[in-house]
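Asks: build me a structure from this.
(one chain, ligands or ions: 2)
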Amino acid sequence: MATNGDQQATPKPPPSPSPLRNAKFFQANMRILVTGGAGFIGSHLVDKLMENEKNEVIVADNYFTGSKDNLKKWIGHPRFELIRHDVTEPLLIEVDQIYHLACPASPIFYKYNPVKTIKTNVIGTLNMLGLAKRVGARILLTSTSEVYGDPLIHPQTESYWGNVNPIGVRSCYDEGKRVAETLMFDYHRQHGIEIRIARIFNTYGPRMNIDDGRVVSNFIAQALRDDPLTVQAPGTQTRSFCYVSDMVDGLIRLMQGDNTGPINIGNPGEFTMIELAENVKELINPKVEIIMVENTPDDPRQRKPDVTKAKELLGWEPKVKLRDGLPLMEDDFRTRLGVPKNK
Ligand SMILES: NC(=O)c1ccc[n+]([C@@H]2O[C@H](COP(=O)([O-])OP(=O)(O)OC[C@H]3O[C@@H](n4cnc5c(N)ncnc54)[C@H](O)[C@@H]3O)[C@@H](O)[C@H]2O)c1
Ligand SMILES: O=c1ccn([C@@H]2O[C@H](COP(=O)(O)OP(=O)(O)O[C@H]3OC[C@@H](O)[C@H](O)[C@H]3O)[C@@H](O)[C@H]2O)c(=O)[nH]1
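Replies: Residues are numbered from 1 along each chain as shown. Ligands and ions are numbered 1, 2, ... in the order given. Next comes the predicted model:
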């Protein structure tokens with residue numbers, strides 16, 4: 001007989017959701033928790049979810065890298081609630097879906113307090129799975145392309161197990177997300193929880209912190225301030241950049257569909273960091289200098305998603321090309337930095 005610990009056991013059916021879900025006369029809105037909803041991707045996701053009048057959105061965030069400012073248009077709205085909460089503590093609320101994003105995402109922030117980063121990924125994800133189990137909610141984890149580490153196959157498919165340093169300075173994030181994925185599947189197999197895992201590749205767009213430290217926000221802020229664009233050596237390392245509206249569309253499709261994932265969500269357009277700097281220079285400030293600076297350990301040398309699965313299973317593919325997305329982000333950064341277009 002299959003036991004709870006048996007990896008091959010058939011998944012149990014999920015716990016039943018609230019009876020209100022099938023109620024005829026009660027107002028049965030979809031109650032959606034977004035952890036990390038005050039951050040960059042989270043706040044765009046909230047905007048999209050709030051467009052549907054059947055959705056009630058609850059954000060839980062500790063404001064480590066996020067800000068209430070990102071959600072100011074929703075504060076006071078009857079279908080919206082904002083809770084100052086750290087996911088490393090349990091949260092007792094009633095919801096139907098959980099988008100679990102809470103986690104610092106920029107390397108300079110996740111390396112700042114690595115122990116807290118790993119606690120957020122492990123204890124935070126356990127707490128959110130416990131909540132999902134108690135109330136029968138479906139839960140989506142925003143995992144990352146960093147689970148592939150410094151990948152030895154290219155482009156990366158979901159079946160690739162990765163090449164991750166378990167004791168390096170990035171491990172609190174990479175290994176933290178890998179454990180978070182493991183926890184998701186263990187709760188699915190052992191308790192029948194409905195799970196969804198998105199492996200997000202580098203995403204950019206308006207509302208990124210100006211001093212977030214990630215490459216696209218750094219280059220745009222530097223170009224607007226007439227500071228040199230700092231390409232970290234050797235500059236031939238590659239990334240593939242997805243515009244945030246495409247990302248949000250992919251996350252919602254994954255949540256609403258029938259596949260657990262993991263599914264890569266990202267834009268396969270691949271650029272070296274030198275090419276990215278040249279694009280920013282040409283589009284935003286042709287006079288700006290590009291300089292080479294020292295890199296940090298374990299920087300992945302190449303990254304590009306294979307999005308076949310997302311296309312086939314979610315009917316999703318990215319629409320916004322890098323050269324169309326950069327000017328949209330430039331406009332937002334100009335407004336926030338107070339740098340008009342024709343200065
Ligand atoms: N943006 C990307 O390129 C990218 C790529 C891969 C994965 N992701 C994942 O997507 C999610 C969102 O990333 P983002 O780019 O919007 O980053 P972000 O830093 O803007 O947002 C993260 C949010 O989580 C909150 N948070 C952090 N620790 C918390 C805690 N312990 N309790 C409660 N809230 C906490 C922060 O305050 C912030 O609002 C993260 O899980 C990240 O790992 C992002
Ligand atoms: O100013 C800079 C910043 C960064 N870089 C380079 O740009 C590349 C991308 O660096 P970023 O800091 O933007 O992000 P990374 O791709 O290293 O990590 C990201 O991956 C996906 C997500 O999970 C996270 O958002 C983050 O970990 C790296 O090769 C880095 O060396 C520069 O050349 N100049």
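Asks: okay, CA-based contacts and neighbour counts for the rest of this
Replies: Will do.
Asks: what are the buried residues along stretch 205-223?
Replies: 205-210, 212, 214-223 (16 or more other CA atoms under 10 Å).
Asks: tell me the SS of the spatially most central residue of the chain?
Replies: What sits nearest the mean C-alpha location of the chain, by CA atoms, centre = their mean, is residue 142, with 4.8 Å. Of the three states, residue 142 takes strand under DSSP: H, G, I helix; E, B strand; the rest coil.
Asks: there's contact between it and residue 197 in this structure, I believe.
Replies: Yes - counting by CA atoms under 8 Å, residue 142 touches residue 197, with 6.3 Å between them.
Asks: just the buried residues of stretch 205-223: which are in helices?
Replies: Among these, the members falling in helices (DSSP state H) are 215-223.
Asks: and those residues as CSV, adding pLDDT and distance to residue 331?
Replies: What follows is these, written out as CSV (pLDDT from 0 to 100; distance: CA to CA, whole Å):
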residue, pLDDT, distance to residue 331
215, 98, 17
216, 98, 14
217, 97, 12
218, 97, 15
219, 98, 14
220, 98, 10
221, 97, 11
222, 97, 14
223, 97, 13
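Asks: among these, which are within reach of ligand 2?
Replies: Checking those against ligand 2 by CA under 6 Å from any ligand atom, the ones in range are 215, 218.
Asks: most widely separated two among the ones in helices among the buried residues of stretch 205-223?
Replies: 215 and 223 (12.1 Å; CA to CA).
Asks: can you classify the closest residue to residue 341 other than its chain neighbours as helix, strand or coil?
Replies: Nearest non-adjacent residue to residue 341, counting by CA to CA, 6 or more residues apart in numbering: residue 334, 7.4 Å away. Following three-state DSSP, we place residue 334 in the helix state.
Asks: surely residue 334 is in contact with residue 328?
Replies: No - Residue 334 is not in contact with residue 328 according to CA under 8 Å; the separation is 10.2 Å.
Asks: ok, those two, which is more surrounded?
Replies: Under the neighbour definition other CA atoms under 10 Å, residue 334 and residue 328 were set side by side, and residue 334 has more, 16 against 13.
Asks: could you measure from that one over to residue 242?
Replies: Using CA to CA, to the nearest Å, we find residue 334 at a distance of 21 Å from residue 242.
Asks: just to revisit the earlier point, which ones are touching the residue nearest to the centre of the chain?
Replies: 99-101, 197-200 (CA atoms under 8 Å, 6 or more residues apart in numbering).
Asks: go on, residue 171?
Replies: Contacts of residue 171 (CA under 8 Å, 6+ apart): 164-165.
Asks: that one and ligand 2, how far apart?
Replies: 10 Å (CA to the nearest ligand atom, to the nearest Å).
Asks: can you list the residues of the stretch 151-300 of the chain near ligand 2?
Replies: Contact residues, the stretch 151-300 of the chain versus ligand 2 (CA under 6 Å from any ligand atom): 201-202, 214-215, 218, 230-232, 237, 273, 295, 299.
Asks: circling back: show me what the residue nearest to the centre of the chain bridges to in the sheet.
Replies: Using DSSP bridges, the bridge partners assigned to residue 142 are residue 198.
Asks: ok, residues contacting the lowest-mean-pLDDT helix or strand in the chain?
Replies: Every helix and strand of the chain was ranked by mean pLDDT, DSSP states H and E. The lowest is helix 107-110, at a mean of 94. With contact meaning CA under 8 Å, 6+ apart, helix 107-110 is reached by 65, 104, 117, 170, 172-173, 212-214.
Asks: JSON lines for these, including distance to residue 54?
Replies: Listed next are the contacts of helix 107-110 as JSON lines, based on distance: CA to CA, whole Å:
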{"residue": "65", "distance to residue 54": "29"}
{"residue": "104", "distance to residue 54": "30"}
{"residue": "117", "distance to residue 54": "34"}
{"residue": "170", "distance to residue 54": "40"}
{"residue": "172", "distance to residue 54": "37"}
{"residue": "173", "distance to residue 54": "35"}
{"residue": "212", "distance to residue 54": "34"}
{"residue": "213", "distance to residue 54": "37"}
{"residue": "214", "distance to residue 54": "35"}
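Asks: fine by me, thanks again.
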